[in-house]
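> for reference, the sequence and a predicted model appear below.
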Amino acid sequence: MAEPLLSAQDLSVSFPSEAGPLPVVDGISFAVDREIVALVGESGSGKSMTGRAIMGLLPRQAQVRATRLSFEGQDLLSLPPSGWNALRGNGIGLVLQDPKYSLNPAHKVGRQVEETLLLHTRLSAAERRERALDMLHTVGLPDPKRVYASYPAALSGGMGQRVMIAAMLINRPKLLIADEPTSALDRELQGQILTLLRSLTEGFGMGLLLISHDLQQISQFADRAIVMRGGRIEEELASGNLASARSAYTRALWAARPSAETYGTRLPVYGAGA
Ligand SMILES: Nc1ncnc2c1ncn2[C@@H]1O[C@H](COP(=O)(O)OP(=O)(O)OP(=O)(O)O)[C@@H](O)[C@H]1O
C-alpha cells in the first residue's frame, strides 16, 4: 500500500523541567492522507505541539522523538534547516488562529500572498501577481485586485483568514495544517471558512490536519477525528461518530461542546485521571 502523506509513529514532545523531561505529547501514532483529519481535545492536550512538531516549529527547548515522522516518505526528524525551509509553504502549509498575528501589517496583501512563489519558484513578477489574484479569487474574496493592493489592517477577520489561506495554498502544498483557523471568527464566518477549506482540500487533492477544540465543528467538517487527552490519543474515530463515541472521555467532551449560548468559551478541563 502507498505510504500516507503524513505518518507519525510514537511521536513525543517534551519540555525540560526540574523533575526531568515533561512530555506534552506522549507517544502518539497517526497518519493523514488526502482527507480531513481533526485533532481534537481540551486545552493543553497537546494538539498544537503535535502540529508544530510536524512543521518543525517547536519552541527551541522542546525535545521531539519518534520512531517515524515522515511526509511523503521523507524523514522529517533528520531534516536540516534548509530542508524545513523548502518544505514549509511548499509541501506543508500552516494556517493559524488569527490573521492579525500571521499577516505582517507593514506589507501589502499581494506581497504576502506571493511570498511562497518568490521563495520556491522562478515565476516572473507578472506571473506571481496573476497567480495571487487567481488565488484570492479562489478563496472567495470579492475584488481581488483591491485586496491585493491593501494592507492587512483594511481587512475584516474573515477576509484576513481567507488571505492567509490563499497565501498558504498558492504553491499547492500537499498538506495543510490549520490550528484553530476559525476561533477568532464569529459562528457564521467559521462555517464559511471551514466550507472553503473543505472544498479546497477536495479540489486540490490535499490532506488537511484541522486542530480544533470545537467538536460540533469537527463532526460536520472532518472525515476522521483523533481525540487527544493529556498528550496521548484517547481514541480515533469517524467524525460522524463523535456523538456515540466508545470512550466516556470523548462522550464527555461531546456533551460539553459549545452550544449557541456557550459559544466562544473554552472546554472545561478534565484532569488526565478523570
Ligand atoms: N514552551 C513551553 N514550555 C513548557 N510547556 C509548554 C510550552 N509550550 C506549551 N507547553 C505545554 O504543552 C502542553 C500542550 O500544549 P498545546 O499548545 O499543544 O495544547 P493544545 O491542546 O493545543 O491546547 P490549546 O487548545 O489551549 O491550544 C500544555 O500543557 C502547555 O502548557
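Arrived safely, thanks for sending.
> and the stretch 51-200 of the chain, which residues reach the ligand?
P59 (C-beta under 6 Å from any ligand atom). (Each C-beta comes from the backbone N, C-alpha and C, glycine too.)
> low-confidence regions, the stretch 51-200 of the chain specifically.
Residue ranges of the stretch 51-200 of the chain with pLDDT under 70: 99.
> check it for the residue nearest the ligand and tell me.
P59 (4.2 Å; C-beta to the nearest ligand atom).
> helix, strand or coil for that residue?
What DSSP: H, G, I helix; E, B strand; the rest coil gives for P59 is coil.
> check contacts around it.
F15 (C-beta atoms under 8 Å, 6 or more residues apart in numbering).
> next: G205.
R34.
> try 10 Å
R34, R172, K174 (C-beta atoms under 10 Å, 6 or more residues apart in numbering).
> the last one contacts G73, correct?
If I follow you right, that is K174. No. Using C-beta atoms under 10 Å, K174 makes no contact with G73, being 11.8 Å away.
> these two - which one has more neighbours?
Using other C-beta atoms under 10 Å as the criterion, K174 and G73 rank with K174 on top: 17 against 10.
> which residues touch the more buried one?
Contacts of K174 by C-beta under 10 Å, 6+ apart are 5-6, 34, 71-72, 90-93, 204-207.
> on that earlier part again, could you check how far the residue of the stretch 51-200 of the chain closest to the ligand is from G20?
As judged by C-beta to C-beta, to the nearest Å, P59 and G20 stand 18 Å apart.
> same question for F30.
F30 is 26 Å from G20, by C-beta to C-beta.
> who's more crowded, these two?
Comparing F30 with G20 by other C-beta under 10 Å, the one with more neighbours is F30, at 19 against 7.
> could I get the average pLDDT for the strand or helix carrying the more buried one?
According to DSSP states H and E, F30 maps onto strand 22-32. Across strand 22-32, pLDDT averages out at 97.
> any buried residues in the next helix or strand after it, and which?
Helices and strands here follow DSSP H and E; after strand 22-32, the next one along the chain is strand 36-40. For strand 36-40, a neighbour-count test (16 or more other C-beta atoms under 10 Å) marks I36, V37, A38, L39, V40 as buried.
> quick check: the first one touching E202?
Yep, that's I36 we're talking about. Yes. I36 lies in contact with E202 (C-beta under 10 Å); the separation is 8.8 Å.
> hey, what's in contact with both of these two?
By C-beta under 10 Å, 6+ apart, I36 and E202 have these common neighbours: L208.
> ok so, going back, and the buried ones among the contacts of K174, selectable in ChimeraX?
Of the contacts of K174, the buried ones go into a single ChimeraX selection, burial set by 16+ other C-beta under 10 Å:
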select :5,6,34,71,90,91,92,93,204,206,207
